Every structure is written in C-alpha cells, then in structure tokens.
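> Sequence first, then the predicted structure:
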Amino acid sequence: MEEARIVTACNQIYAETNHIYSQYRQQLGTNDLGFKILYGPPHLNAPVLFIGDQPGGTAAEDFKSERYEWFPKCEYATESWPLARNMQNMFGPTFLLGCVGVNANFFRAQNSSSWNSVPRSLRDTLERFCSEQLFKLISLLNPIQIVVIGFSTLDKFCSSQPLLYGAKDRVLMRAGKVGQRPAVSTLHLSGAHIATDDRRKIAKAIRDIVGHGTASGPTA
C-alpha cells in the first residue's frame, strides 16, 4: 500500500511537470529540451537522496520517455556517464541502487549560459515550480540524508558551513538545508580534479552520516 501511494504521488508530480512544460515550452524556444525528474525508482527512506543541479541535453525528443516514467534502477548505479562512474567507484553500485536521484531544476539545458538566456520571469516561474515539487518529493520519500552534488547547487537553497576538509585544507563538503531538512553538499563529483583519497573521504563521511545522523561540525 505504501509503495502504491508513493508511485501515485510521484506520477502526479510528473503530470504536473508535463502540464507546466506544455504551458511554457513554446516560450523556451531553442531551450526547449524537455525535463527529467527522477534518476530511478522513488524509494521510501532511501539512505541518500542525491540532488544535482540540472540535467543537460540537446533535443527535447531525445529524452521524451523520461517525461512520463523513471528508470527501473537508479541510474547512478547502472550508467556509464562520468558522474555515475565516479559515484560507482566511490560508493559501489549496491549502495547506490537503494538511493534516489533528482535535480534542483528538472528542465534540461545545454549549459548554465543557455539556461540563463531564458527570460528571467520564465526562469523564475519554472525554478520555483521545481523547488515546490522537490520539497514534495523530499517529504514523500523521507530519505535518511540529503546530499547535494555541487556547492553552487546548495547555494540555491541556503547558506552553508564547511563540514569536511581534505588535503591542503580544501573544503570537500558543506552543511546546510534544503527546505526544512538538513543537507550536506559535496564538491561536484563528475570532475576529475578530486584526488582519490578525498573521494574516499567524502564517501566515508556520507556513509557515516547515513549511519549515525547528520554531522554538525567541521571535520579535518
């Protein structure tokens, strides 16, 4: 019964997103690239809900099916694009299969510059809609921990404080909130500029947080 309730609620979020997309897609013009919500099944009480910034893309019809359904398994555990590969190396596919992935902004863009070329009022409308739906998902799925991928993504929700340091006192993780829920953010995990030891440190910190509750102070 609980699973059916979650699926129904998530399908409603997809329906509402399709509605606003059809309402405004003509105004997006060359930035009409579709949208993506979930990166796999909507697991209740997932160990981690990962929140990225925004999905990329080049053509709306390339991704048409994802506007109506999610993949049967968490893509972070199964796919071969850079972020997924790095996360598999850090956490292992088995852990990731139980996690949930989503973005702060559901609507696809080639890059931040192209998204910023969308008229400000339209961007505000779509980004506000995505935040409202994201907060619904968080409340619905009640993950153990929210992990935001990229410091700039967490900045969209709140101010934050350093939480974990790596080599040469580099900040690896920050602590803040998404809505009313505690969250941590990491350096963007798709980049190759994070040392292997620092990736291990990030992964261990997240596993420890999931096991023992959200850390509140900085760790060297």
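Arrived safely, thanks for sending.

> those strands in this protein, which residues are they?
Along the chain, the segments classed as strands by DSSP state E run 48-52, 100-103, 145-149, 161-165, 171-178, 181-186.

> Make a markdown table from those and add mean pLDDT to it.
Output for the strands of the chain, formatted as a markdown table (pLDDT from 0 to 100):
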| stretch | mean pLDDT |
| --- | --- |
| strand 48-52 | 98 |
| strand 100-103 | 98 |
| strand 145-149 | 98 |
| strand 161-165 | 97 |
| strand 171-178 | 97 |
| strand 181-186 | 96 |
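
> For this structure, which residue occupies the most central location?
I51 (1.9 Å; Cα atoms, centre = their mean).

> so what's the nearest residue to that one once chain neighbours are set aside bridging to?
Excluding its sequence neighbours, the residue lying closest to I51 (Cβ to Cβ, 6 or more residues apart in numbering) is V148, at 4.8 Å. C-beta: built from backbone N, CA, C; applies to glycine. V148 forms beta bridges with I51, S185, as assigned by DSSP bridges.

> Compute the number of surrounding residues for V148.
27 (other Cβ atoms under 10 Å).

> how far away is it from Q23?
Separation of V148 from Q23 (Cβ to Cβ, to the nearest Å): 28 Å.

> circling back to that earlier point, so what's the residue nearest to I51 up against?
The contact partners of V148, by Cβ atoms under 8 Å, 6 or more residues apart in numbering, come to F50, I51, A104, L154, F157, G176, V178, A183, V184, S185, T186.
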